[in-house]
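Undergrad: build the 3D model from these lines:
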Amino acid sequence: MPPRALPSSKPKTAAEKWKAWLNSEYKDEQKFAANLSLARAVGLFAASLVVITQFGEAFAI
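TA: Just a heads-up that it's a prediction; the model follows:
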């Protein structure tokens, strides 16, 4: 078994950390589906909030 290379001791930059995290989230199908579902729910909530605040008097009785 060949010896393994040690990981570099140089700290990762924020961009490298972000790219690694994004890659791990995208590769895992369950995480990706959960994140997509969460993003969809947040989008619907934000859209409904905008509609209620902008057109709230239309719903008043």
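Undergrad: residues near the closest residue to residue 32 other than its chain neighbours, how many?
TA: Nearest non-adjacent residue to residue 32, counting by C-beta to C-beta, 6 or more residues apart in numbering: residue 26, 5.9 Å away. (Glycine included, C-beta is placed from N, CA and C.) By the measure other C-beta atoms under 10 Å, the count of residues near residue 26 is 11.
Undergrad: any idea which helix or strand carries residue 26?
TA: Residue 26 is part of helix 14-27 when elements are defined by DSSP states H and E.
Undergrad: list the buried residues of that helix.
TA: When neighbours are counted by 16 or more other C-beta atoms under 10 Å, no buried residue of helix 14-27 is found.
Undergrad: same question for stretch 42-58.
TA: Judged by neighbour count (16+ other C-beta under 10 Å), stretch 42-58 contains no buried residues.
Undergrad: average pLDDT for that stretch?
TA: Stretch 42-58 shows an average pLDDT of 91 in the prediction.
Undergrad: which residues does it contact?
TA: residue 59 (C-beta atoms under 8 Å, 6 or more residues apart in numbering).
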